[in-house]
Every structure is written in structure tokens, then in C-alpha cells.
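Asks: Structure, please.
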Amino acid sequence: MVDNELSLFSYEILGLVGRDGAGPHDLLRLARRGRMLAWAGESQYYTEPKRLAKLGYLSARKVPGKTRERTVYTLTEKGLEALAQYASRPVPVTRHSMGTLREDVADLRSRLDDAEDTAARLPHREKYLRLAIRFLRGLLDLHVELVDDVERELKSGEAPSVRI
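Replies: Sure thing, here's the model as predicted:
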């Protein structure tokens, strides 16, 4: 397996397909249900499984649908191995990856400072802009709390148990 073949989103798709398999529409539905803010565009839930199938991580089969045939993907041995390998990455990698969010948060806070300056120059919208900025600052605080929790919980270097 070439390391650059799989992105974080690729691993998400492999995990969502799981042992039981799923079609692109199922993947999108599962992703929406599992998170408050989806980070991938809808079309990626249709194109990424095709790409992973071409690379041998998923197999594809056609099954009857309500109005037309649909494609269902299942993990291949290669896909299962890649997912297991990813899930067993050492805790320091996860801890380090989470720590890099601090830089992103700092950048976003700087942008919110700029947005507050802009809001002050828009008196007709200032109240609404400041409400949104306050909310976003709270969201950034939650991200920092998450990073702190991950660093604290994974400090011992023990890998959490993983089930695929």
C-alpha cells in the first residue's frame, strides 16, 4: 500500500463501509448522522468509494434498488488490513496530530479578531456579526479542550483498544 493513496477521508469511508458494506448514499447518511458538521462535500461520498475500489481497498457489486440498481461496496482484505493498520497507529501519532490543531485554532482566532474589527465598521450588522463571532470563539475553545483531553488521556502512551 502506498502511503499517499489513502487520506483521512479514505479511512473514514473504509470505516463506514465496515464489514457489512454500504452504498454511497448509505455512506453519506451515516456520515451525517455521526457528526454535527460534515467536513466533506456530498459528491466525495460517491467518488471516493469508486477510487478505493479501483485501488483494491473495496469491492463493488450491483444490487436491486427501489428505482434502479445501486452499487454496494464491501471491504476487501487489503481494505481491512489498511483500516486495521491505521487504527493501530501508535498513540503518540494521534496525540501529535491532535496537537497540531492548536496552530489551526490560533490562526482562526486571529481571523476572528479581524472579523471583529470589520464588524465595528458595519454598525447596521455589528450586533449579529458579534453574536456569530462569540459563538465561533466558543467553538474554538471546545476544540482546545478536546486537544487538552486527548493529550492528557493519551499521555501514558497506551493505545486504546480498537474494534473494526
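
Asks: In this protein, where is pLDDT below threshold?
Replies: 1-4, 34-39, 91, 93, 156-164 (pLDDT under 70).

Asks: Could you break it into its assigned domains?
Replies: Domain segmentation of the chain under automatic domain parsing yields 3-87, 91-153.

Asks: In a markdown table: the ones you listed, plus mean neighbour count.
Replies: C-beta coordinates here come from the backbone N, C-alpha and C atoms, glycine included. Below are the domains of the chain laid out as a markdown table (neighbours: other C-beta atoms under 10 Å):
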| stretch | mean neighbour count |
| --- | --- |
| domain 3-87 | 15 |
| domain 91-153 | 13 |
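
Asks: Which parts of this structure are helices?
Replies: Listed in chain order, the helices of the chain (DSSP state H) span 8-17, 24-34, 44-54, 77-87, 91-99, 101-120, 126-153.

Asks: Just the CA trace of the first one, in CSV.
Replies: Just to be clear, that refers to helix 8-17. Extracted in CSV, the C-alpha atoms of helix 8-17 (Å, rounded to 0.1, in the frame of the first residue of the first chain):
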residue,chain,number,x,y,z
LEU,A,8,-8.1,10.7,6.4
PHE,A,9,-11.3,10.8,4.4
SER,A,10,-10.4,7.4,2.7
TYR,A,11,-10.1,5.8,6.2
GLU,A,12,-13.5,7.3,7.1
ILE,A,13,-15.0,5.7,4.1
LEU,A,14,-13.4,2.4,4.8
GLY,A,15,-14.7,2.6,8.4
LEU,A,16,-18.2,3.5,7.3
VAL,A,17,-18.3,0.6,4.8
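
Asks: Show me what that helix packs onto, helices and strands only.
Replies: Under the contact criterion of 3 or more C-beta pairs under 8 Å, 6 or more residues apart in numbering; DSSP states H and E, helix 8-17 touches helix 24-34, helix 44-54, strand 58-63, strand 70-75, helix 77-87.
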